[in-house]
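Engineer: Fold the following for me, if possible:
(2 chains)
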Amino acid sequence: AQSVTQLGSHVSVSEGALVLLRCNYSSSVPPYLFWYVQYPNQGLQLLLKYTSAATLVKGINGFEAEFKKSETSFHLTKPSAHMSDAAEYFCAVKPTGTASKLTFGTGTRLQVTL
Amino acid sequence: EPEVTQTPSHQVTQMGQEVILRCVPISNHLYFYWYRQILGQKVEFLVSFYNNEISEKSEIFDDQFSVERPDGSNFTLKIRSTKLEDSAMYFCAGTPGHDYGYTFGSGTRLTVV
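Structural biologist: The predicted structure is shown next:
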């Protein structure tokens, strides 16, 4: 079964600092990978997705992620954090070429301080 | 931009009562899902639905749960006899196909008292 592990349940950065949220996947074949953001009391918004095209994926709000097969990773980054980035971030995985379920990680809460 | 619409946004129900959570998917979506998120925990898959039948379900989705899409638009999740542990945020999601992202609704917060 496929799974994702998000290292760090809480990450705190200063405004303007680099954001790095870690996600490692477990799968016998390269899967499709997703990052979602959840603001307080809201639903899940898709930030970006990897679907076997370019390994460096750019998403909304200045976020990007790089698929690294050798490291089984799909870390989310943003060069400069903004206060509005404070939210919960979820990595998710699903089998390639199917509309099967997404399996989510446990989430990382990003705090941005002045 | 098209949205997945969920109603109600918040529902409080007595233990043992039946509840129906409603979702209006995006019109070109073909695959539909229900997920739940207990407060402070991860997002858990409940069931997927395609071509008017369940394609996959989790262990959580027992006989107390059912889904249907009766009129080709609304997609509903019914919990027959609610328990305290059913209290959670329930999300509906959909996708047009396997190379696309999944669009989630804003959720229904179910509180069982």
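Engineer: And stretch B:77-85, end to end?
Structural biologist: 16 Å (Cα to Cα, to the nearest Å).
Engineer: Buried ones in that stretch, by neighbour count?
Structural biologist: B:77, B:79, B:82 (16 or more other Cβ atoms under 10 Å in any protein chain shown). (C-beta placed from N, C-alpha, C; glycine too.)
Engineer: wouldn't the second one be in contact with B:Gln64 here?
Structural biologist: Yes - taking Cβ atoms under 8 Å as the contact criterion, B:Ile79 and B:Gln64 are neighbours in contact, 5.8 Å apart.
Engineer: re the thing from before, among the buried residues of stretch B:77-85, which lie within strands?
Structural biologist: B:77, B:79 (DSSP state E).
Engineer: closest to chain A among the buried residues of stretch B:77-85?
Structural biologist: Proximity of the buried residues of stretch B:77-85 to chain A was ranked by Cβ to the nearest Cβ; the top entry is B:Leu77 with 14.9 Å.
Engineer: Quick check: residues of chain A near chain B?
Structural biologist: Applying Cβ under 8 Å from any Cβ of the partner chain, one finds that chain A approaches chain B through A:34, A:36, A:42-46, A:49, A:51, A:90, A:92, A:97-107.
Engineer: Now do the same for B:Ser27: helix, strand or coil?
Structural biologist: coil (DSSP: H, G, I helix; E, B strand; the rest coil).
Engineer: Give me the neighbour count for it.
Structural biologist: For B:Ser27, the tally of surrounding residues (other Cβ atoms under 10 Å in any protein chain shown) stands at 9.
Engineer: how close does it sit to chain A?
Structural biologist: Remark: distance between B:Ser27 and chain A (Cβ to the nearest Cβ, to the nearest Å) = 17 Å.
Engineer: taking the residues of chain A next to chain B one by one, which sit in helices?
Structural biologist: Assignment to helices by DSSP state H places none of these there.
Engineer: Tell me which of the residues you listed fall in strands.
Structural biologist: A:34, A:36, A:44-46, A:49, A:90, A:92, A:103-104.
Engineer: quick one, strands of chain B?
Structural biologist: B:5-7, B:10-13, B:19-24, B:31-37, B:43-50, B:53-57, B:65-68, B:75-79, B:88-95, B:103-104, B:108-112.
Engineer: Distance to A:Leu18 and mean pLDDT added to the ones you listed, as a markdown table?
Structural biologist: Below are the strands of chain B laid out as a markdown table (distance: least, Cβ to Cβ, whole Å; pLDDT from 0 to 100):
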| stretch | distance to A:Leu18 | mean pLDDT |
| --- | --- | --- |
| strand B:5-7 | 35 | 95 |
| strand B:10-13 | 37 | 97 |
| strand B:19-24 | 38 | 97 |
| strand B:31-37 | 28 | 96 |
| strand B:43-50 | 26 | 95 |
| strand B:53-57 | 38 | 94 |
| strand B:65-68 | 42 | 96 |
| strand B:75-79 | 40 | 97 |
| strand B:88-95 | 30 | 96 |
| strand B:103-104 | 28 | 94 |
| strand B:108-112 | 34 | 97 |
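Engineer: Distance to chain A added to the ones you listed, as a markdown table?
Structural biologist: Listed next are the strands of chain B as a markdown table, based on distance: least, Cβ to the nearest Cβ, whole Å:
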| stretch | distance to chain A |
| --- | --- |
| strand B:5-7 | 8 |
| strand B:10-13 | 10 |
| strand B:19-24 | 11 |
| strand B:31-37 | 4 |
| strand B:43-50 | 4 |
| strand B:53-57 | 6 |
| strand B:65-68 | 14 |
| strand B:75-79 | 15 |
| strand B:88-95 | 6 |
| strand B:103-104 | 4 |
| strand B:108-112 | 8 |
